[in-house]
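[1] Task: produce atomic coordinates for the following.
(2 chains)
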Amino acid sequence: NAGVTQTPKFQVLKTGQSMTLQCAQDMNHNSMYWYRQDPGMGLRLIYYSASEGTTDKGEVPNGYNVSRLNKREFSLRLESAAPSQTSVYFCASSEDIGGSPYYGYTFGSGTRLTVV
Amino acid sequence: KNEVEQSPQNLTAQEGEFITINCSYSVGISALHWLQQHPGGGIVSLFMLSSGKKKHGRLIATINIQEKHSSLHITASHPRDSAVYICAAPESYNTDKLIFGTGTRLQVFP
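    Residues are numbered from 1 along each chain as shown, chains lettered A, B, ... in the order given. As a prediction, the model looks like this:
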């Protein structure tokens, strides 16, 4: 099925460990996003990529890095995990024309990350 | 930068009731999104609208651009509608970076 594939679904890390969350979409969308969702708060943008080879910081980028490997894939890396990064992470993609998303968003199924 | 507020935070209803969830935002936008987050955590895009009204099955979304306000209505609610409903607006006009509301948790009882 077409959509956004996100891996892994669950992960437990020890403080200081590193990991990469993978995301791939097969809808030929230009824009891709990484969000985190914490209890009582709306989804918050970590990083954003408007096209292959470009990335921009979002609202909460500290402690994260991203790579837009090609048009399909957008990965999120935690270099040295901290308990404050315990969260649910969502990747999303959208088509956009002239800077406005005309076709809505498609979300991955989420990654539940716990840092102990 | 846009601020998005939703009300109510929590909503319970009996099956068959008409449901209304409200969303207001502070900055003029090109389009507003309504999303549904299932109890299992998956997020689905329900509507993206820039004016007037959109309908899909028992779901109706309306937007008043001048008032900076949108509503999501569910007619003849059903227990399977139980989910968190989230509205989201662009950070500013003509950007595709969204600011999300904190969501409305809806529980529909038989």
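
[2] pLDDT below threshold where in chain B?
    By pLDDT under 70, chain B has no low-scoring segment.

[3] just so I have it, where are all the strands in the chain?
    Because you didn't say which chain, this covers chain A. Assigned by DSSP state E, the strands in chain A fall at A:4-7, A:10-13, A:19-25, A:31-37, A:44-51, A:54-57, A:64-68, A:74-78, A:87-94, A:105-107, A:111-115.

[4] My question was about chain B, not that one.
    B:4-7, B:10-14, B:19-25, B:32-37, B:43-49, B:52-56, B:59-64, B:69-74, B:83-90, B:98-100, B:104-109.

[5] how about these in a markdown table, adding distance to A:E95 and mean neighbour count?
    Backbone N, C-alpha and C define where each C-beta goes, glycine included. Listed next are the strands of chain B as a markdown table, based on distance: least, CB to CB, whole Å; neighbours: other CB atoms under 10 Å in any protein chain shown:
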| stretch | distance to A:E95 | mean neighbour count |
| --- | --- | --- |
| strand B:4-7 | 22 | 18 |
| strand B:10-14 | 32 | 14 |
| strand B:19-25 | 22 | 19 |
| strand B:32-37 | 14 | 23 |
| strand B:43-49 | 11 | 20 |
| strand B:52-56 | 18 | 12 |
| strand B:59-64 | 20 | 18 |
| strand B:69-74 | 22 | 20 |
| strand B:83-90 | 15 | 24 |
| strand B:98-100 | 14 | 24 |
| strand B:104-109 | 27 | 17 |
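
[6] can you redo these as CSV with distance to A:P8?
    Listed next are the strands of chain B as CSV, based on distance: least, CB to CB, whole Å:
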stretch, distance to A:P8
strand B:4-7, 30
strand B:10-14, 31
strand B:19-25, 32
strand B:32-37, 20
strand B:43-49, 18
strand B:52-56, 32
strand B:59-64, 32
strand B:69-74, 32
strand B:83-90, 23
strand B:98-100, 24
strand B:104-109, 27
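
[7] so which of those strands gets nearest A:K9?
    Among the strands of chain B, the nearest to A:K9 by CB to CB is strand B:43-49 (14.2 Å).

[8] Against which helices or strands is that closest one packed?
    strand A:105-107, strand B:32-37, strand B:52-56, strand B:59-64, strand B:69-74 (3 or more CB pairs under 8 Å, 6 or more residues apart in numbering or on different chains; DSSP states H and E).

[9] Could you dump those strands into JSON lines and include distance to A:T55?
    Formatted as JSON lines, the helices and strands packed on strand B:43-49 follow (distance: least, CB to CB, whole Å):
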{"stretch": "strand A:105-107", "distance to A:T55": "18"}
{"stretch": "strand B:32-37", "distance to A:T55": "22"}
{"stretch": "strand B:52-56", "distance to A:T55": "32"}
{"stretch": "strand B:59-64", "distance to A:T55": "31"}
{"stretch": "strand B:69-74", "distance to A:T55": "30"}
